[in-house]
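Peer 1: Here is my input, please return the structure:
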Amino acid sequence: MITVAGIAFREKPKAPMTEIDSVEITCEQGVVPDTRGKPGKRQVTVLSLEAWQTACAELSAELPWTTRRANLLIDGLIFSAADVGKILQIGDVRLQITIETDPCHRMDAQFQGLTAALLPDWRAGVCCRVLQAGQIRRGDSACLLE
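Peer 2: Residues are numbered from 1 along each chain as shown. Prediction:
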């Protein structure tokens with residue numbers, strides 16, 4: 001079973017992530033009120049809990065998932081190149097996976113070695129375009145559609 005394990009946003013670039021229990025996702029703004037939500041292929045970033053745990057284990061560190069600066073944390077799904085173009089559906093919300101998220105230099109600023117730990121196997125997650133808007137909550141079920 002795939003579920004939403006976490007939801008977060010940042011109010012402005014470089015601001016800390018704020019965790020919330022539910023969020024509105026729109027085609028115009030992505031995660032409301034995240035600063036990066038403009039239309040395009042990087043509206044919403046999604047991180048796999050299992051991939052995050054693998055990266056943390058490699059570093060022998062327990063880091064909060066928000067260190068990665070993603071909008072959604074998904075439990076029960078590990079992303080790969082084969083997922084590009086697929087739809088992640090959470091309730092009414094439909095997110096099209098567009099590209100792999102590249103871990104930026106800010107990762108090492110938060111924890112030394114994190115960038116390298118996130119590079120293999122799409123551990124840094126995926127970027128998505130919003131195809132259908134709606135409300136999502138932590139604990140909601142999700143599925144990956146062709």
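Peer 1: Pull the distance from stretch 1-10 to the chain's centre.
Peer 2: Centroid separation for stretch 1-10 versus its chain: 8 Å, with CA atoms, centre = their mean, to the nearest Å.
Peer 1: buried ones in that stretch?
Peer 2: Of all the residues in stretch 1-10, those buried under the rule 16 or more other CB atoms under 10 Å are 2, 3, 4, 5, 6, 7, 8, 9, 10. For the C-beta atoms, the positions are set from N, CA and C on the backbone; glycine is no exception.
Peer 1: contacting residues for the fourth one?
Peer 2: This points to residue 5. Counting by CB atoms under 8 Å, 6 or more residues apart in numbering, residue 5 touches 49, 65, 73, 74, 75, 138.
Peer 1: Not counting stretch 108-126 itself, show me its contacts.
Peer 2: Under CB under 8 Å, 6+ apart, the answer for stretch 108-126 is 45-48, 51-52, 54-56, 58-59, 61, 63, 67-68, 70, 78-81, 83-84, 97-105, 107.
Peer 1: Now the buried members of those.
Peer 2: Buried by 16+ other CB under 10 Å: 45-48, 51-52, 54-56, 59, 67-68, 70, 79, 83, 97-98, 100-101, 103, 107, out of the contacts of stretch 108-126.
Peer 1: residue contacts, the nearest residue to residue 37 once chain neighbours are set aside?
Peer 2: Counting by CB to CB, 6 or more residues apart in numbering, residue 37 lies nearest to residue 30, which is 2.9 Å off, once chain neighbours are set aside. The contact partners of residue 30, taken as CB under 8 Å, 6+ apart, are 36, 37, 38, 43, 44, 71, 130.
Peer 1: Same question for residue 74.
Peer 2: Counting by CB under 8 Å, 6+ apart, residue 74 has contacts 2, 3, 4, 5, 46, 47, 48, 49, 88, 142.
Peer 1: from memory the second one sits against residue 72, does it?
Peer 2: No - with the criterion set as CB atoms under 8 Å, residue 3 and residue 72 do not qualify as a contacting pair; they are 10.7 Å apart.
Peer 1: Now do the strands in the chain.
Peer 2: With strands called from DSSP state E, the chain shows them at 2-9, 18-20, 22-26, 30-32, 44-48, 72-75, 87-90, 93-100, 126-132, 134-137, 141-145.
Peer 1: Thanks a lot, catch you later.
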